[in-house]
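# sequence? don't have it. structure:
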C-alpha cells in the first residue's frame, strides 16, 4: 500500500508525522512518503521532504492508495481532482497546532462525505490505518461549493 502523508504548506504537524512514523515502524510493507513542512522533525521510517514542487506533489498524490493529511482544503480539492481517498486528522487549537478551531469545523462538515475519513485522535488514526478502514469513493466537493470558488482555489494551488 502506498501512502502519501502531507501536512500542507503553512505549518508543520509533528503530532501527525510522529504518529505515521510510529505506525510505519510496525508496518514495513507500507510504502510511505511525506511532505512534512519547513522546520519539522524528520521521520525515521520513511522518506520525506519539507516541501514539494507542485508537479511532484501531484505525482505523489496521484500514485498514493491513500492520502493522510491535516484538514486542509487544498488537500481535499486535490484529492477530489485525482480521485484519492483521504484519512484526515484535524489540527487542534488546544494543542497549539493552530490558532482557531477551523480544522475541527471543516472536519465536521466533511465527516460523511464519500472518500473522506476523519480521525478525531491519533489512536483512532492508527486503528484506521491498521484496519484499512477508510472510506472509499470519489470525493465530491464540487456539488457543495461554487464553481468559481473552486476554480480560484485550484489556480492558487497550482501557482504556488
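In hand now; what should we look at? Quick caveat: nothing in here was measured; it's all calculated off a predicted structure.
# list phi and psi for residue 23.
As for residue 23, its main-chain torsions (degrees, to the nearest 10) stand at phi -60, psi -40.
# pretty sure it sits against residue 129.
Yes: checked against Cβ atoms under 8 Å, the pair residue 23 and residue 129 is within contact range at 5.4 Å. The way it works is simple: take the backbone N, C-alpha and C, and place the C-beta from them, glycine included.
# quick check, pLDDT for the most centrally placed residue in the chain.
The chain has residue 69 as the residue nearest its centroid, 1.7 Å off, counting by Cα atoms, centre = their mean. Taken from the predicted model, the pLDDT recorded for residue 69 is 98.
# from residue 32, how far off is residue 2?
Here the criterion is Cβ to Cβ, to the nearest Å. By it, residue 2 lies 8 Å from residue 32.
# which one's more surrounded, the two?
Counting neighbours by other Cβ atoms under 10 Å for residue 2 and for residue 32 shows that residue 32 has the greater number, 22 against 13.
# and the closest residue to the more buried one other than its chain neighbours, what pLDDT?
For residue 32, ignoring the flanking residues on the chain, the nearest one in space by Cβ to Cβ, 6 or more residues apart in numbering is residue 46 at 3.8 Å. pLDDT, the model's per-residue confidence, is 98 for residue 46.
# list the residues that contact residue 46.
Neighbouring residues of residue 46 by Cβ atoms under 8 Å, 6 or more residues apart in numbering: 5, 20, 21, 24, 31, 32, 33, 34.
# any idea which element the residue nearest to residue 84 when sequence neighbours are not counted lies in?
Across the structure, with Cβ to Cβ, 6+ apart as the measure, the residue nearest residue 84 apart from its sequence neighbours is residue 67 (5.1 Å). With secondary structure defined by DSSP states H and E, residue 67 is part of strand 66-69.
# thinking again about what came up before, for the residue nearest to residue 32, phi and psi?
Note on residue 46: its backbone torsions stand at phi -160, psi 160 [degrees, to the nearest 10].
# likewise for residue 52?
Backbone phi and psi, for residue 52 under degrees, to the nearest 10, turn out to be phi -130, psi 150.
# how close does it get to residue 44?
Residue 52 is 20 Å from residue 44, where distance means Cβ to Cβ.
# looking at the two, which one has more neighbours?
Between residue 52 and residue 44, residue 52 has the larger neighbour count (other Cβ under 10 Å), namely 19 against 11.
# that one contacts residue 34, doesn't it?
No: counting by Cβ under 8 Å, residue 52 does not reach residue 34; the two are 9.8 Å apart.
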